[in-house]
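[1] Next come a sequence and a model predicted from it.
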Amino acid sequence: MRLNVVTKGLIGLLALLPVAAFAEYGLNMPRGATEFSENVYELHMIIFWICVVIGVLVFGAMIVSMIRDRKSKGVVAEQFSHSTKAEVIWTVIPIIILIAMAVPATKSLIEMEQPQAMDMTIKVTGYQWLWKYDYKDEGISIVSRLDNESNIARQLDSGVDPATVDNYLLNVDNPLVIPEDTNIRFLLTADDVIHAWWVPEFGWKRDAIPGFINQAWTNVKEPGIYRGQCAELCGKDHGFMPIVVEVKTKEDYAAWVLEQKGEAVAEVEATEESWSQQDLMARGESVYSGNCMSCHQADGSGMSTAFPALVGSEVVEGNVHEQIELILHGRTGTAMVGFEQTLSDIDIAAVVTYTRSKFGNQAEEVVQPNLVKEIKSNQEEI
């Protein structure tokens, strides 16, 4: 009876944990998808077996001694204070073992820190709570956020069972796309707080620090999807900042680059167009869901004083220029961050239009993307 109660209690506690916690666990670390990860795996196995041998010898000697030389068998302890020979042996042998482990470990670290000739460079910037990837050689940028299905399911009282969402909390709207068998340099930094970019199968992890550039590189031989997460406690939504890397063949990657460049041109052209309120509201709802909902809630009710309600907000129902500037630059001393680097002019116009017409707000203004562009241009001139 007692066992049943304890078991039920454990099951109840496990039910409260995020679904993402139920990963596929094995008895060893994975080999990964890069030469780095393979080297780390081999290094791990070398040190593991060294530790196994040491453990067997040390604990074996202890167990044999406790059984064979116990007092109940009439064994009398030797009377000596120390043995120079023993002290030399148990000092020299560990030094040799440490050197044997340090040589391959140092070799692996040097290979990680001294990249070969690079074929392309990607700048990775961490924001609360998303990633921005700038392809320095291609002239394109993408912003990668938690995918909308996971974002909705994680909300309190969402009514969505996280178990029904594929790759819950481990999927994004725009993955980082890279070509196979290519030396890729990553330049990592952050815009607000310290983040950490980590894809376990790549075999390394790097901090993304504001005002500082970290460097790493990789070469993934096989196409596929590789998932990771921010590995630094970067704020309240730290657990909702996944990383997805899609490795394509070189031909597919070239086609993807052309597609992205075409979309970037189309986005610029669309900024000059006049958008209908219906189209802005539809896009604004998507932007709000991906960027604003976690703080201001789905119904705009906010969370205490840290994240004020948008319902009847003086900012939302006030001067539209001030609301746009707030979204662009955030507000110092508050949790409100700026979105100038992560949202396009169209996205900002759409979310402003959406919030001014939603949640019972009566402003109902149609904000065009060219107004956002004009405000940004005026600020650059100043």
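    Sure, I can see it.
[2] ranges for the helices of the protein?
    Along the chain, counting by DSSP state H, helices occupy 2-15, 35-68, 84-113, 148-153, 250-271, 277-291, 293-296, 320-329, 345-357, 369-381.
[3] Packing partners of the fourth one?
    The helices and strands touching helix 148-153, judged by 3 or more Cβ pairs under 8 Å, 6 or more residues apart in numbering; DSSP states H and E, are helix 277-291. For every residue, glycine as well, the C-beta is placed using N, CA and C.
[4] Show me what the helix it packs on is packed up against.
    helix 148-153, helix 345-357.
[5] can you list the residues that contact the shortest one?
    Applying Cβ atoms under 8 Å, 6 or more residues apart in numbering, the set of residues contacting helix 148-153 from outside is 145, 158, 160-162, 164-171, 173, 240, 286, 289-290, 293-294.
[6] Tell me which residues of that helix come out buried.
    Glu149, Ser150, Asn151, Ala153 (16 or more other Cβ atoms under 10 Å).
[7] about what we covered before: can you list the helices of the chain in JSON lines and add distance to Ile184 and mean pLDDT?
    Shown next, in JSON lines, are the helices of the chain (distance: least, Cβ to Cβ, whole Å; pLDDT from 0 to 100):
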{"stretch": "helix 2-15", "distance to Ile184": "39", "mean pLDDT": "44"}
{"stretch": "helix 35-68", "distance to Ile184": "12", "mean pLDDT": "90"}
{"stretch": "helix 84-113", "distance to Ile184": "14", "mean pLDDT": "87"}
{"stretch": "helix 148-153", "distance to Ile184": "27", "mean pLDDT": "88"}
{"stretch": "helix 250-271", "distance to Ile184": "11", "mean pLDDT": "90"}
{"stretch": "helix 277-291", "distance to Ile184": "27", "mean pLDDT": "88"}
{"stretch": "helix 293-296", "distance to Ile184": "31", "mean pLDDT": "82"}
{"stretch": "helix 320-329", "distance to Ile184": "31", "mean pLDDT": "87"}
{"stretch": "helix 345-357", "distance to Ile184": "28", "mean pLDDT": "88"}
{"stretch": "helix 369-381", "distance to Ile184": "31", "mean pLDDT": "80"}
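[8] gap between the residue lying closest to Thr164 once chain neighbours are set aside and Asp347?
    In this structure, Thr164 finds its nearest non-sequential neighbour in Ala153, 7.8 Å apart by Cβ to Cβ, 6 or more residues apart in numbering. Computed as Cβ to Cβ, to the nearest Å, the Ala153 to Asp347 distance reads 23 Å.
[9] Tell me how far the closest residue in space to Asp299 that isn't next to it in sequence lies from Arg185.
    Closest residue to Asp299 apart from its sequence neighbours, by Cβ to Cβ, 6+ apart: Phe359 at 6.7 Å. Using Cβ to Cβ, we find Phe359 at a distance of 45 Å from Arg185.
[10] Same question for Gln260.
    19 Å.
[11] ok, now which ones touch Gln260?
    By Cβ under 8 Å, 6+ apart, the contact set of Gln260 is Glu138, Ile140, Ile142.
[12] could you dump the helices of the chain to TSV with distance to Leu130?
    Formatted as TSV, those follow (distance: least, Cβ to Cβ, whole Å):
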stretch	distance to Leu130
helix 2-15	30
helix 35-68	25
helix 84-113	26
helix 148-153	11
helix 250-271	18
helix 277-291	8
helix 293-296	11
helix 320-329	15
helix 345-357	13
helix 369-381	19
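[13] hey, which of these is tucked in deepest?
    helix 345-357 (a mean of 25; mean count of other Cβ atoms under 10 Å).
[14] Which neighbouring elements make contact with it?
    Looks like helix 345-357 contacts helix 250-271, helix 277-291, helix 320-329, helix 369-381 (3+ Cβ pairs under 8 Å, 6+ apart).
[15] do you know which of the helices and strands packed on helix 277-291 lies nearest Lys250?
    Distance to Lys250, taken as Cβ to Cβ, is lowest for helix 148-153 among those, at 30.5 Å.
[16] still on that earlier bit, what would the helices and strands packed on helix 277-291 look like in CSV with distance to Pro369?
    Shown next, in CSV, are the helices and strands packed on helix 277-291 (distance: least, Cβ to Cβ, whole Å):
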stretch, distance to Pro369
helix 148-153, 22
helix 345-357, 4
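[17] So which of the helices of the chain is nearest Phe307?
    Nearest to Phe307, of all the helices of the chain, is helix 293-296, at 4.1 Å by Cβ to Cβ.
[18] Name the residues that touch that closest one?
    The list of residues contacting helix 293-296 from outside it, by Cβ under 8 Å, 6+ apart, reads 129, 151, 155, 237, 240, 302-303, 306-310, 335.
[19] and if you look at stretch 51-62?
    By Cβ under 8 Å, 6+ apart, the list of residues contacting stretch 51-62 reads Ile97.
[20] And stretch 96-109, by the same measure?
    Contact with stretch 96-109 is made by Phe36, Asn39, Val40, Glu42, Leu43, Ile46, Ile47, Ile50, Ile54, as judged by Cβ under 8 Å, 6+ apart.
[21] Just name the closest of those to Arg68, please.
    Distances from Arg68 to the contacts of stretch 96-109, taken by Cβ to Cβ, are shortest for Ile54, at 21.1 Å.
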